[in-house]
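Enquirer: let's see this in three dimensions:
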Amino acid sequence: MTSLVLWGFWALFTAIVMVVDRNLRVDEDFTPTPTGYFVLAAISPFIVLPIYFFTSRRNSAPRHRALGALAGVMLTTTCVYLASLHTTAVVLLAHLA
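Expert: Sure, this is the predicted structure:
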């Protein structure tokens with residue numbers, strides 16, 4: 001059960017990062033709904049951000065694309081951290097109730 005909660009929070013934070021990035025950029029070719037981002041993130045939250053940031057900057061210089069992928073890796077780590085904090089809080093609240 002804890003693994004599913006962690007996976008859900010991780011996918012949620014990953015989807016939020018993609019939605020915020022999409023809203024910050026205006027010239028987006030591929031604009032799925034926030035639900036579509038959540039589905040992408042739920043399928044594979046550990047790899048979707050580096051790929052998303054790399055491909056969404058396809059009109060940029062190669063260096064910017066590589067930096068986008070690196071930012072995706074760093075944001076994935078941040079999402080895992082946030083998901084683990086939220087999962088810990090949910091588990092603790094469930095045990096206290």
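Enquirer: could you use CA atoms for every contact and neighbour count after this?
Expert: OK.
Enquirer: now the residue nearest the centre of the chain: phi and psi?
Expert: Nearest residue to the geometric centre of the chain (Cα atoms, centre = their mean): Thr14, 1.6 Å. Thr14 adopts backbone torsions of phi -60, psi -40, taken as degrees, to the nearest 10.
Enquirer: spell out the residue ranges of the helices in this structure.
Expert: 2-24, 34-43, 48-55, 62-96 (DSSP state H).
Enquirer: picking that back up, my guess is the residue nearest to the centre of the chain contacts Ala41. True?
Expert: Yes. The pair Thr14 and Ala41 passes the contact test of Cα atoms under 8 Å, sitting 5.9 Å apart.
Enquirer: can you tell me the number of residues neighbouring the nearest residue to Trp10 once chain neighbours are set aside?
Expert: Spatial nearest neighbour of Trp10, excluding adjacent residues (Cα to Cα, 6 or more residues apart in numbering): Ala83 at 5.0 Å. Residues near Ala83, counting by other Cα atoms under 10 Å, number 22.
Enquirer: contact partners for Ile47?
Expert: Neighbour list for Ile47: Thr76 [criterion: Cα atoms under 8 Å, 6 or more residues apart in numbering].
Enquirer: how about low-confidence regions in the chain?
Expert: 26-33 (pLDDT under 70).
Enquirer: hmm, 50 instead?
Expert: The chain contains no residues with pLDDT under 50.
Enquirer: tell me how far Thr87 lies from Leu6.
Expert: Shown here: Thr87 relative to Leu6, a distance of 6 Å by Cα to Cα, to the nearest Å.
Enquirer: with Ala42 instead?
Expert: With Cα to Cα as the criterion, Ala42 and Leu6 are 11 Å apart.
Enquirer: cool, and Val91?
Expert: 10 Å.
Enquirer: between those two, who's got more neighbours?
Expert: Each of Val91 and Leu6 has its neighbours counted (other Cα under 10 Å); Leu6 has more, 20 against 13.
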